[in-house]
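Undergrad: sequence plus predicted model, see below.
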Amino acid sequence: KIYEPGSNNNGGKWFYVRERGMYRFNKIKLDRENSLKSFVRTVLQVITPKPTNYWRNNQHPDFQRIGPAVYAIYHLPSKHVIHSDIAIQNLPEYAELEVIFVSK
């Protein structure tokens, strides 16, 4: 799946992103700014978190959650955590990233 916000955005980077535990990547393009805020906003628009398996995680179904929210982002080959705008700007074009969600 490919996501490109708008047609006149020239400054954004392309990334391959997937949810942890999933096989397929989504190709996304950031907005004009290469920032962490823009990345998280785009990921939440494109990827729907997989449903929580309450029995597997041994959690009660009435457990209150804050989701959907992004818990962590990391560079797949190196396992480095992406935690700032500078980290997003220093990533190469078409980097493979994994996202961990906090779901409802």
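TA: Sure thing, it's come through.
Undergrad: now stretch 49-62: average pLDDT?
TA: Looking at stretch 49-62 alone, the average pLDDT works out to 64.
Undergrad: likewise stretch 28-46?
TA: Model confidence over stretch 28-46, given as mean pLDDT, is 88.
Undergrad: and it, how far apart are its ends?
TA: Stretch 28-46 has an end-to-end distance of 8 Å (criterion: CA to CA, to the nearest Å).
Undergrad: again with stretch 69-88
TA: By CA to CA, the extent of stretch 69-88 from end to end equals 18 Å.
Undergrad: pLDDT of that stretch, averaged?
TA: In this model, stretch 69-88 has an average pLDDT of 88.
Undergrad: got a list of what Val43 touches?
TA: With contacts taken as CB atoms under 8 Å, 6 or more residues apart in numbering, Val43 has the following neighbours: 17, 28, 70, 73, 99. Bear in mind the C-beta positions are built from the backbone N, C-alpha and C, glycine included.
Undergrad: switch the cut-off to 7 Å
TA: Val43 is in contact with 17, 28, 70, 99, counting by CB atoms under 7 Å, 6 or more residues apart in numbering.
Undergrad: does the third one count as helix, strand or coil?
TA: With DSSP: H, G, I helix; E, B strand; the rest coil as the basis, Val70 sits in strand.
Undergrad: number of residues surrounding it?
TA: Residues within reach of Val70, counting by other CB atoms under 10 Å, total 18.
Undergrad: tell me which element the nearest residue to it once chain neighbours are set aside falls in.
TA: In this structure, Val70 finds its nearest non-sequential neighbour in Val40, 5.0 Å apart by CB to CB, 6 or more residues apart in numbering. Secondary structure here is read from DSSP states H and E; on that basis Val40 sits in helix 36-46.
Undergrad: so the residue lying closest to Leu97 once chain neighbours are set aside, which of the three states?
TA: Taking CB to CB, 6+ apart, and ignoring the residues beside it in sequence, Leu97 has Val17 as its nearest neighbour in space, at 5.0 Å. When the structure is split into helix, strand and coil by three-state DSSP, Val17 lands in strand.
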